[in-house]
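*Asks:* Compute the structure for the input listed below.
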Amino acid sequence: MKVNMQRILCPIDFSESADHALRYAAALAETFSAELTLLHVVAPVVAALPGDTTLPDTLQADIDDLAEACRERLEQTVGKMAANGVPVQHKILNGVPFVEIIRYARESETDLIVMGTHGRTGLGHLLIGSVAERVVRKSPCPVLTVKHPEHEFVLP
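*Replies:* The predicted structure follows:
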């Protein structure tokens with residue numbers, strides 16, 4: 001069996017886990033001469049007032065500022081990678097992170113998703129859930145999850 005990867009997607013949330021996964025994604029893209037796309041998803045803010053479907057102007061301005069900060073940080077990351085000879089594209093989407101990752105992977109015919117895991121366990125995992133876990137279950141392509149070394153499971 002020959003594995004041919006032309007398109008690799010690396011969702012990033014600017015965490016240490018995502019940065020660690022990005023190193024794997026870049027190495028795989030180089031090995032396979034594949035396109036590498038970095039994807040950041042800006043999650044929606046839920047309106048605080050029952051029945052209120054609009055966001056106050058100040059909250060919308062904060063969301064817009066956050067989205068712009070994410071765009072700048074993503075462009076810095078892309079610039080650093082390009083300076084190191086790694087061709088990379090980037091995309092920012094709005095929505096539920098695991099849904100948008102899967103949708104983008106499907107629409108772009110991604111061959112592999114490389115993403116970090118935060119290593120949450122117990123109540124944190126139960127309350128917040130795992131974007132990586134949902135992507136693994138629903139993805140149209142293979143997913144490589146990369147655990148940050150600081151989150152290694154230690155046997156008792």
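
*Asks:* for this structure, what spans make up the strands?
*Replies:* 7-11, 35-42, 88-94, 112-117, 143-147 (DSSP state E).

*Asks:* any idea of the angle the longest one forms with strand 112-117?
*Replies:* What that stands for is strand 35-42. With axes from the mean of the first three to the mean of the last three CA atoms, to 10 degrees applied, the angle from strand 35-42 to strand 112-117 works out at 40 degrees.

*Asks:* hey, which helix or strand in this protein has the poorest pLDDT?
*Replies:* helix 122-128 (a mean of 47; mean pLDDT, DSSP states H and E).

*Asks:* Find the residue ranges of the chain scoring beneath the pLDDT cut-off.
*Replies:* 45-63, 119-129, 150-156 (pLDDT under 70).

*Asks:* returning to what we had before: could you dump the strands of the chain to TSV with distance to residue 21?
*Replies:* The way it works is simple: take the backbone N, C-alpha and C, and place the C-beta from them, glycine included. Shown next, in TSV, are these (distance: least, CB to CB, whole Å):
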stretch	distance to residue 21
strand 7-11	6
strand 35-42	11
strand 88-94	14
strand 112-117	4
strand 143-147	4
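
*Asks:* got TSV for those, with distance to residue 137 and mean neighbour count too?
*Replies:* As requested, those are exported to TSV (distance: least, CB to CB, whole Å; neighbours: other CB atoms under 10 Å):
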stretch	distance to residue 137	mean neighbour count
strand 7-11	15	25
strand 35-42	17	21
strand 88-94	20	16
strand 112-117	12	24
strand 143-147	9	18
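
*Asks:* Please compute how far the lengthiest helix in the chain lies from its chain's middle.
*Replies:* Ranked by residue count under DSSP state H, the longest helix found in the chain is helix 57-83. Offset of helix 57-83 from its chain centre (CA atoms, centre = their mean, to the nearest Å): 14 Å.

*Asks:* swap in stretch 91-98?
*Replies:* 8 Å.

*Asks:* What are the contacting residues of that stretch?
*Replies:* 11, 13, 37-44, 67, 70-71, 74, 100, 104, 131, 134-135, 138 (CB atoms under 8 Å, 6 or more residues apart in numbering).
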